[in-house]
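Enquirer: Attaching a predicted model along with its sequence, questions to come.
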2 protein chains.
Amino acid sequence: MQSPNSSSEERRLEVRKLEISDKNKGFIELLQQLTVCDSVSDKDFEDRFQELIALGDDHIICVIEDDRSGKIIATGSVFIEKKFIRNCGKVGHIEDVVVDSNARGMQLGKKIVEFLTNHARAMGCYKVILDCSVENRGFYEKCGFEHKAIQMAKYFS
Amino acid sequence: MQSPNSSSEERRLEVRKLEISDKNKGFIELLQQLTVCDSVSDKDFEDRFQELIALGDDHIICVIEDDRSGKIIATGSVFIEKKFIRNCGKVGHIEDVVVDSNARGMQLGKKIVEFLTNHARAMGCYKVILDCSVENRGFYEKCGFEHKAIQMAKYFS
């Protein structure tokens, strides 16, 4: 007989790349937990999805789907910047990492960051970087990151 | 009669996009003032240059050429990241801004940052961001930026 908790141990919460059908699985609602993101039309979503697909491995978005609810419960992205410094080196930029507020404590954020970091390494990057709030510094240190600089921003709107 | 200083007032230190011939005008040596950048072969330079050209307005590098010495004395780059957040918004990432140590005090850094910022705005970005050392915070504040977050990094090599 299955105990109430055993199913959680059997859950396969694997990281995979974003698929176009994920819009209907709560992907946009998950992003709304991160920042401003009003409802995105199917057309706008598909257009942006195709733009990103065209960049291939130079810009990927990954997700974790809850195999019970069918909802997207974690996501993050990384894009590869091509430089001249570091002997024409490359840098991975991690962006927009978020875990659903109901799915915390399962190391999903760590899984997402590791997936993106491994991608950047496989792409030949000499480093991977990200910007975060001071409050999230501890989380990223647990992921093997160290504090290097400050982020400056200028908003147009 | 021309005074020793009048020519400096006549100098046209304009910002323009990187050209392939700039490698022979001290572009790599300028980057070496920023960070590790050994000698880049002509082949490696051309390959990376063509990769970036293929990205069009989504990734540009600008330079200022000293019209007297023919040397590149300032540079910076910006690439446009396409997101789903902010209603499929875009963000400009400024990178690798450097001014030759012999050409400081002429507001060239400000010119470079303004060029890159204007490009990001024209591309429809909702913000432009960059990472810098604590020491450079004042410079970027003069350019209209504000401190927003911290940068975390993980080096592979």
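Expert: Thanks, I have the structure now. Residues are numbered from 1 along each chain as shown, chains lettered A, B, ... in the order given.
Enquirer: same question for stretch A:141-154, mean pLDDT?
Expert: The average pLDDT for stretch A:141-154 rounds to 98.
Enquirer: is chain B contacted by that stretch?
Expert: Yes: counting by Cβ under 8 Å from any Cβ of the partner chain, chain B is contacted by stretch A:141-154 at A:141, A:143-154. From N, CA and C alone the C-beta is placed, and that goes for glycine too.
Enquirer: Which residue ranges of chain A form helices?
Expert: Assigned by DSSP state H, the helices in chain A fall at A:6-10, A:27-31, A:42-53, A:85-88, A:108-122, A:137-142.
Enquirer: Run through the neighbouring helices and strands of the longest one.
Expert: Pointing back at helix A:108-122 there. strand A:15-17, strand A:59-65, strand A:72-82, strand A:90-99, strand A:127-132, helix A:137-142 (3 or more Cβ pairs under 8 Å, 6 or more residues apart in numbering or on different chains; DSSP states H and E).
Enquirer: Tell me the buried residues in the shortest one?
Expert: Along strand A:15-17, these residues count as buried under the neighbour rule (16 or more other Cβ atoms under 10 Å in any protein chain shown): residue A:15.
Enquirer: Over to the residue lying closest to residue A:89 once chain neighbours are set aside: give its phi and psi.
Expert: Leaving aside its sequence neighbours, residue A:89 sits nearest to residue A:126 (Cβ to Cβ, 6 or more residues apart in numbering or on different chains; 4.6 Å). Backbone torsions for residue A:126, taken as degrees, to the nearest 10, come to phi -90, psi -20.
Enquirer: go on, residue A:14?
Expert: According to degrees, to the nearest 10, residue A:14 has phi -90, psi 150.
Enquirer: quick one: residue A:141 from residue A:17, how far?
Expert: Distance check for residue A:141 against residue A:17: by Cβ to Cβ, to the nearest Å, it reads 27 Å.
Enquirer: Now render the helices and strands packed on helix A:108-122 as TSV, adding distance to residue B:71.
Expert: TSV is the format used below for the helices and strands packed on helix A:108-122 (distance: least, Cβ to Cβ, whole Å):
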stretch	distance to residue B:71
strand A:15-17	45
strand A:59-65	35
strand A:72-82	24
strand A:90-99	26
strand A:127-132	29
helix A:137-142	40
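Enquirer: so which of these gets nearest residue B:133?
Expert: strand A:127-132 (13.8 Å; Cβ to Cβ).
Enquirer: Can you give the strand pairings for the closest one, parallel or anti for each?
Expert: strand A:90-99 (parallel), strand B:146-155 (antiparallel) (DSSP bridges).
Enquirer: Mind putting the ones you listed into a markdown table with distance to residue B:130 and mean neighbour count?
Expert: Compiled in a markdown table, these are given as follows (distance: least, Cβ to Cβ, whole Å; neighbours: other Cβ atoms under 10 Å in any protein chain shown):
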| stretch | distance to residue B:130 | mean neighbour count |
| --- | --- | --- |
| strand A:90-99 | 12 | 22 |
| strand B:146-155 | 9 | 17 |
